[in-house]
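Asker: predicted model and sequence follow; I will ask about them next.
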Amino acid sequence: MSATTTVTPVVQGVNLVKTFGRVVALDGADLELYPGEVLAVVGDNGAGKSSLIKCFSGAHIPDSGEMLINGKKVEFKSTSEARRHGVETVFQTLAVAPALDIASNLYLGREERKPGVMGAVFRTLDKKRMRADSAQHLKDLGISTLQNITQAVETLSGGQRQAVAVARAVAFGSQVIILDEPTAALGVNESARVLKMIQDLRDRGLSVILISHNMPQVFEVADRIHVARLGKRAGVVTPKSHSMNDVVAIMTGAMKVTAEEQQLTPVN
Ligand SMILES: Nc1ncnc2c1ncn2[C@@H]1O[C@H](COP(=O)(O)OP(=O)(O)OP(=O)(O)O)[C@@H](O)[C@H]1O
Ligand SMILES: [Mg+2]
């Protein structure tokens, strides 16, 4: 990308502050996520990663600072408001209902009613349609390991559960998917599947924020790496410009990102 091209970020945070009593979780944090990119957010425990994305997912209301979606100022007071703006989040603690089947989980909180009187008056759920649509969403995502849409989520593997959570996020026309530590509890194969899914989402033109402590995974899928430190952005680098050791050094404050090294615009 040339220096003169200006692309509007899909998600932008400017000088965000969030405190919890005396604890300063965000101390003037900035973030930009551009169309069709995977932005990794890394940082030490307590650096403010989850607090930052929770502002964009509507789970936290920042004390001050600005949030913009596609260049327009927004103020989210709930996760459903963020969803209406196309921002879907898979939180660090997965929000799935284990006893329900896959289709019910995908439509949790936004169930489809049957057409006509049965739906409007008797509030009858259109299970057949939800199952058919769920199967299609999972197929679209290339999730082939989930064969039975009526299977209870509690019987799925960790990776498959993550897949359901991601499918839920993308099923509703979201433009931004935020994943907070999606592979932390997963095995090698399941992690690989989630990473493949992230790459597929980007290939479909969606923008992804991936919070992760796993450097090899970050370096595998990220276009840019946003390093959070002490509630601020310490810098943005790329897997090409910096090594894993460099990124860890930036996380701990041992290394500084110079103005020339900053990758604040999309790569290529
Ligand atoms: N609900 C809360 N109440 C009080 N303090 C909080 C709350 N949420 C976060 N904090 C504090 O804010 C700081 C940033 O926390 P946050 O969860 O954003 O960190 P993180 O970068 O996601 O860490 P981790 O890598 O461990 O997930 C921490 O000091 C944390 O204790
Ligand atoms: Mg966190």
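Answerer: Alright, I've got the coordinates. Numbers count the residues shown, from 1 in each chain. Ligands and ions are numbered 1, 2, ... in the order given.
Asker: quick one, strands of the protein?
Answerer: Assigned by DSSP state E, the strands in the chain fall at 11-20, 23-33, 38-42, 64-69, 72-74, 87-90, 176-180, 207-211, 224-229, 232-237.
Asker: quickly check: the last one near ligand 1 or not.
Answerer: No: in terms of C-beta under 6 Å from any ligand atom, no part of strand 232-237 sits within range of ligand 1; the closest distance is 11.6 Å. In this view, the C-beta of every residue, glycine as well, is placed from N, C-alpha and C.
Asker: quick one: residues in contact with that strand.
Answerer: 26-31, 43, 48, 224-228, 246-247, 250-251, 253, 256-257, 261-264 (C-beta atoms under 8 Å, 6 or more residues apart in numbering).
Asker: please indicate which of those residues are buried?
Answerer: 26, 29-31, 43, 48, 224-228, 246-247, 250-251, 257, 263 (16 or more other C-beta atoms under 10 Å).
Asker: need the per-residue pLDDT for the residue in the stretch 51-200 of the chain that ligand 1 sits nearest to.
Answerer: Going by C-beta to the nearest ligand atom, ligand 1 is nearest to residue 51 of the stretch 51-200 of the chain, at 3.3 Å. We have a pLDDT of 96 for residue 51.
Asker: what residues does the protein put near ligand 1?
Answerer: Counting by C-beta under 6 Å from any ligand atom, the chain sits next to ligand 1 at 20, 23, 25, 43, 45-51.
Asker: if any of those are buried, put those into a ChimeraX selection.
Answerer: Only the buried entries of the residues of the chain next to ligand 1 go into this ChimeraX selection, using 16+ other C-beta under 10 Å:
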select :25,43,47,48,49,50,51
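Asker: among the residues of the chain next to ligand 1, which two are most distant?
Answerer: Across the residues of the chain next to ligand 1, the longest distance by C-beta to C-beta is 17.3 Å; it joins 20 and 43.
Asker: what residue ranges in the stretch 1-150 of the chain score low on pLDDT?
Answerer: Applying pLDDT under 70 to the stretch 1-150 of the chain flags residues 1-5, 92-99, 105, 108-113, 117-123, 139-147, 149.
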